[in-house]
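Asker: need a structure here:
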Amino acid sequence: MYKSHTRQKAGLDTIILPFTLKLTEIYLYTSIMDRLIIQLLASTPLLVAGFNKPQIRLTIAFTNFEARIMDQWGNGGGKWATISGDSQHPFQGRTFGGAKRYEIRGTRAFGSGYPYGASNQSTIADRPFPFGVWPLYWDQDFMDADEYGPRYDVYRPGGFVASVPLRTTTDHFNVTEDEVYYAVGDRESLLPLMISYVTWCHATPAWPSRFNASTTDAPIKLENVIQYFRASSFALASPAYNNTLARTPKSDTKDNMPLPEFMEYSPFRKCVDDVTENALAIVNTIPGPTPLDMFVNALNVGGIFICGGMLFCLLVIGGILVTIRAVCQTLLYGDPDTVARARRERRNELVYENHP
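Answerer: Residues are numbered from 1 along each chain as shown. A predicted model of the protein is given here:
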């Protein structure tokens, strides 16, 4: 009744196993491709180059990594924030941010250019920082400027106060040799701004140097400032200009000496002025996701749904195949006892000769 030999049987096992393995391969292949696409997007310079603007991190607390960002060409705006009281910051409790790009321009008067928080025009003490940076400081504690003196440069967003000379050549503008301007502000704002001056105004490249208005060899003085920007935290100046009314302690004054005629109509000065107004780094609103972030997140979410859907389909198909197999076994071998008996025979390499 039984034969002790092995017989090759081309059953459903030879169909189900390769099919299941194929589905598993597709699932793994899709998951791997999702990861490769995301890594490729994250490492492709061409895609991220448009988001690589010069930025300055504005740390406001030491208990977490919360920070605001100052970036060149930014629009500013957003809600005010407050410097945290947990870090022993010298200006803890001061509000900062919220000012917009179109509000960046001041006058020739120190303390000008504040969109808010300048109710007392005779002093700059206790003022907020609408653009993220506190004002410059001048000698003789002018308008209480010592509150922001050199001892606090270690806290200053963008680093210590520096100055850089701005010159050009007659190849691009009709200028004389003594037409030179100085940009004064934090170092990290000056460096990328110098690139913009060189690119747009054909300025002669120069590196910033530390600036201290109290020293006798300072390249410019308070009286040389021709324009303040960013709540008086940045200035353009020229040694050829002397504003004898600059020491008037009133930041909303319009009483200033006129510019020399060559300076008033200088296309180079106007170019430098325009670039400063449009490119100077200011604190932005709390950033949302960039287009690249949204695209990568969409891929991640899409990958989850695709993989989840494939796994669900795999389980459904597997269940259907198992059901088909059970039905076929019932049709081939009859009742469950016979099926169980046939399985034992196959395990023992025996074949039941008299199939019902």
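Asker: alpha carbons only for contacts and neighbour counts from here, please
Answerer: OK.
Asker: can you list the low-confidence ranges for the chain?
Answerer: Segments of the chain classed as low confidence (criterion: pLDDT under 70) are 1-52, 66, 287-303, 305, 307, 329-340, 342-356.
Asker: need the strands for it, in chain order.
Answerer: 2-3, 55-59, 67-71, 81-82, 95-96, 161-166, 181-186, 209-210, 225-229, 234-237, 282-283, 351-352 (DSSP state E).
Asker: out of the ones you listed, which one sits most buried?
Answerer: Among the strands of the chain, judged by mean count of other C-alpha atoms under 10 Å, the one packed with the most neighbours on average is strand 282-283 (a mean of 30).
Asker: pairing partners for it, with directions?
Answerer: The pairing partners recorded for strand 282-283 under DSSP bridges are strand 67-71 (antiparallel).
Asker: for the partner strand, give me every contacting residue.
Answerer: For strand 67-71, the surrounding residues in contact (C-alpha atoms under 8 Å, 6 or more residues apart in numbering) are 53-61, 132, 280-286.
Asker: residues contacting Trp80?
Answerer: Shown in contact with Trp80 (C-alpha under 8 Å, 6+ apart): Thr95, Phe96, Gly97, Gly98.
Asker: which residue is the nearest non-sequential neighbour of the first one?
Answerer: In this structure, Thr95 finds its nearest non-sequential neighbour in Thr82, 4.4 Å apart by C-alpha to C-alpha, 6 or more residues apart in numbering.
Asker: quick check: the one you found touching Gly98?
Answerer: No. Counting by C-alpha atoms under 8 Å, Thr82 sits too far from Gly98 to count as a contact (11.1 Å).
Asker: show me where the stretch 101-250 of the chain has helices.
Answerer: Along the stretch 101-250 of the chain, the stretches classed as helices by DSSP state H, counting those that start in this stretch are 187-201.
Asker: and if you look at the stretch 251-356 of the chain?
Answerer: For the stretch 251-356 of the chain, applying DSSP H, counting those that start in this stretch gives helices covering 261-264, 267-279, 291-333, 336-347.
Asker: quick check, Asp146 in contact with Leu136.
Answerer: No. Under the criterion of C-alpha under 8 Å, Asp146 is not in contact with Leu136, lying 9.3 Å apart.
Asker: the two - which one has more neighbours?
Answerer: Leu136 (24 against 18; other C-alpha atoms under 10 Å).
Asker: look up how far Pro135 lies from the nearest residue to the more buried one once chain neighbours are set aside.
Answerer: Distances taken as C-alpha to C-alpha, 6+ apart place Ser233 nearest to Leu136, at 4.9 Å, with adjacent residues excluded. Applying C-alpha to C-alpha, to the nearest Å, one obtains 4 Å for the distance of Ser233 from Pro135.
Asker: for Ala235, same thing?
Answerer: Distance, Ala235 to Pro135, by C-alpha to C-alpha: 10 Å.
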